[in-house]
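Trainee: this is a predicted model, with the sequence first.
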Amino acid sequence: MEKGRLKIYFARSIRGQRVVDVELLQQSLSALGEVLSEKFDFSTDASRDKLIFSTDRRMLESADVVIAEVSNPSLGVGYELGIAESLKKPVLCLALEDLMVSSMIAGNPYFVVKHYRSIPEAVSLVSDFLALH
């Protein structure tokens, strides 16, 4: 990883149902590094979709690590995790305690999957993960 502020790509469900205050989690992660995250545009315009894809892909490529909140099933997050794995980025997947994580995530030995009960606990898990990478 490059010297300086760590670049953290934060993946999370954008258009799906929310069971976690992901905005608070994202804001809390900013104390640990520069948080790169998906663009928040809920339109379905094809040109915007292409721009969002290319922007997010570049951010993934420039990230040092990927932190994914996977409590809410999301096709986009799953796809981003596949890209992160192919780019050999260290990946931590966070899920609320008592929620099932997809077997494609939980069963993949490449991903580190941790469950948490609160945002401060999630931030502590991220901090521990970053200390190893």
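Mentor: Perfect, I can see it now. Numbering: from 1, shown residues only.
Trainee: show me what the lowest-mean-pLDDT helix or strand in the chain is packed against.
Mentor: Ranked by mean pLDDT, DSSP states H and E, the weakest helix or strand in the chain is helix 22-29, scoring a mean of 84. On a contact count with 3 or more CB pairs under 8 Å, 6 or more residues apart in numbering; DSSP states H and E, helix 22-29 meets strand 7-11, strand 34-37, strand 65-69, helix 119-132. In short, each C-beta sits where N, CA and C put it, glycine included.
Trainee: which residues are in contact with the host helix or strand of Ala95?
Mentor: Per DSSP states H and E: Ala95 is located in strand 91-96. Residues outside strand 91-96 that contact it (CB atoms under 8 Å, 6 or more residues apart in numbering): 19-20, 25, 65-71, 81, 84-85, 101, 105, 110-117, 122, 125-126, 129.
Trainee: hang on, the earlier thing: quick one: the least confident helix or strand of the chain to chain centroid distance?
Mentor: 11 Å (CA atoms, centre = their mean, to the nearest Å).
Trainee: pull out the buried positions in that helix.
Mentor: 22, 25-26, 28-29 (16 or more other CB atoms under 10 Å).
Trainee: same check, this time on stretch 58-65
Mentor: For stretch 58-65, by 16+ other CB under 10 Å, it's 59-60, 63-65.
Trainee: now Ser62, nearest residue through space, not along the chain?
Mentor: Closest residue to Ser62 apart from its sequence neighbours, by CB to CB, 6 or more residues apart in numbering: Lys7 at 6.0 Å.
Trainee: mind putting the buried residues of stretch 58-65 in TSV, pLDDT included?
Mentor: Below are the buried residues of stretch 58-65 laid out as TSV (pLDDT from 0 to 100):
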residue	pLDDT
Met59	94
Leu60	96
Ala63	96
Asp64	97
Val65	97
